[in-house]
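Q: Structural data only, the sequence is not supplied:
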């Protein structure tokens, strides 16, 4: 017991492969950044569409949000990686290749756009109607009201909720290893196959994720609190 | 497409059913364990000052580590370190329970801290012992206020349970991938299984929302976003 305990706390193996593992972590961050941009863009569109006056637009965007909020990320990634290229190839009648990276970004981006669109909707809804009516009475266009009155206020209210969504998104990037994107968990598995020492490798990976996420959340919270307090929210 | 559905999904319905059954019991056991561990961690964090730091570290670790990492960690490291779990099924259940217990502990805590202090003081004023106050004033209200979040956590567990296929637990996802690898015809099987998951998880999260709306009308609660 004490021998295995010592072995599992001895993270020298983890240190030995630091460059490979750091390259893996960089891959995680890369997937995260791309998926986050995609998710934000889609969430803004869908979130605003859910508040549209047009019933059809509202219905489509509600189905979109509910569908992707309730699909497991792993199922979505596998589906995008295996099924989507075949469907696209048949539809376009050409060979369509999906790289693991593209599949990962698409699947995670779409999945989290579902969650984030809820956040966007709630944020925009929380701004009193009087604000947009005031804008209208001053002769602002709908778009101007959105850009200059609603979004600046809504973003500040959405921030804490959006932050926790992004934390989940970063955690979810660990599953891209399952479709062979060379992220940190993929590297850990590969090193484990080579060295046959799962204890320090998996313990190290768990601790690393824990540290990265806690440090990042604390940092962003401190920075964003200062920004949120400036202004009207 | 209908042809392929008849060829690849229909003959395998029995297999997929077995997988679904394993998914269901793994989620149920993990959920039960998560509620117990979560309640315990929350009580330690709120009421036991000298063990508070331990509870905080546990909760933060559970929440900040991805479920896949915990799954592999429990599956590969725990048997050597602690001598259990002996089977992949238990490794899956424990990993899911750890992850959710962290979230549930925070849910319970925000429920306890959301109660106004006056409630406890009122209990003290009529001479109730601390344990009676906890049992008869705090717990019922926290469970009521947090019921939607607790149901929602079950939906999160079902979602995360798709990953236990990675450590070769023959759940629904594992069986689906097995069929895909056998015939290299992913479209129908994967779409069918995705539909099962979406329906299940949607039902759970929609009932959480339903409970929240009902309670809001009935008891005037509005803590659930």
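A: Looks like it arrived, so ask away. Bear in mind that the values here come from a model prediction, so they are computed numbers and not experimental data.
Q: Okay, now the unreliable bits of the chain?
A: Going with chain A. A:1-2, A:4-5, A:7-9, A:231-233 (pLDDT under 70).
Q: you looked at the wrong chain, it should be chain B
A: B:1, B:221-225.
Q: Please name the residues that touch the residue most central in space within it.
A: When chain B is reduced to its mean C-alpha position, the closest residue under CA atoms, centre = their mean turns out to be residue B:157, at 3.7 Å. For residue B:157, the contact set (CB atoms under 8 Å, 6 or more residues apart in numbering or on different chains) comprises B:27, B:30, B:31, B:34, B:96, B:100. For every residue, glycine as well, the C-beta is placed using N, CA and C.
Q: Please name the nearest non-neighbouring residue to the fifth one.
A: When you say that, I think you mean residue B:96. residue B:30 (3.7 Å; CB to CB, 6 or more residues apart in numbering or on different chains).
Q: what's the distance between the one you found and chain A?
A: According to CB to the nearest CB, to the nearest Å, residue B:30 stands 15 Å off from chain A.
Q: likewise residue B:220?
A: 20 Å.
Q: burial of the residue nearest to residue B:96, as a residue count?
A: The number of residues packed near residue B:30 is 26, by other CB atoms under 10 Å in any protein chain shown.
Q: same question, the one 10 residues further on
A: Here the neighbour count serves as a burial measure; for residue B:40 (other CB under 10 Å) it reads 15.
Q: And residue A:166, by the same measure?
A: Residue A:166, neighbours per other CB under 10 Å, totals 20.
Q: ok, it touching residue A:33?
A: No: counting by CB atoms under 8 Å, residue A:166 does not reach residue A:33; the two are 10.5 Å apart.
Q: Please enumerate the helices of chain B.
A: Taking DSSP state H as the criterion, chain B carries its helices at B:2-4, B:13-47, B:52-64, B:67-76, B:78-82, B:88-114, B:117-125, B:130-133, B:139-161, B:172-183, B:186-219.
Q: Kindly compare burial across those helices and name the winner.
A: Highest mean neighbour count among the helices of chain B (mean count of other CB atoms under 10 Å in any protein chain shown): helix B:67-76, with a mean of 25.
Q: Quickly find the element holding the residue most central in space within chain A.
A: For chain A, residue A:169 is the residue whose C-alpha lies nearest the centre (CA atoms, centre = their mean; 3.2 Å). Residue A:169 is located in helix A:151-172, with elements delineated by DSSP states H and E.
Q: Going by neighbour count, which residues of the following helix or strand past that helix are buried?
A: Proceeding N to C from helix A:151-172, the next assigned helix or strand is helix A:184-195, under DSSP H and E. Judged by neighbour count (16 or more other CB atoms under 10 Å in any protein chain shown), helix A:184-195 contains these buried residues: A:184, A:185, A:186, A:187, A:188, A:189, A:190, A:191, A:192.
Q: so who does the fifth one touch?
A: Under the criterion of CB under 8 Å, 6+ apart, the contact partners of residue A:188 comprise A:21, A:24, A:201, A:202, A:204, A:205.
Q: What separation is there between the first one and residue A:169?
A: If I follow you right, that is residue A:21. Separation of residue A:21 from residue A:169 (CB to CB, to the nearest Å) stands at 21 Å.
Q: Likewise for residue A:24?
A: From residue A:24 to residue A:169 the distance is 17 Å (CB to CB).
Q: do residue B:115 as well
A: With CB to CB as the criterion, residue B:115 and residue A:169 are 33 Å apart.
Q: what sits against the closest residue to residue A:182 other than its chain neighbours?
A: The shortest distance from residue A:182 to any non-neighbouring residue, by CB to CB, 6+ apart, is to residue A:27 (5.6 Å). The neighbours of residue A:27, taking CB under 8 Å, 6+ apart as the test, are A:181, A:182, A:183, A:184.
Q: which one of these is nearest chain B?
A: Nearest to chain B among the contacts of residue A:27: residue A:184, at 9.0 Å, using CB to the nearest CB.
Q: In this structure the closest one contacts residue A:29, no?
A: No: in this structure, residue A:184 is not within contact of residue A:29 by CB under 8 Å, at 9.8 Å.
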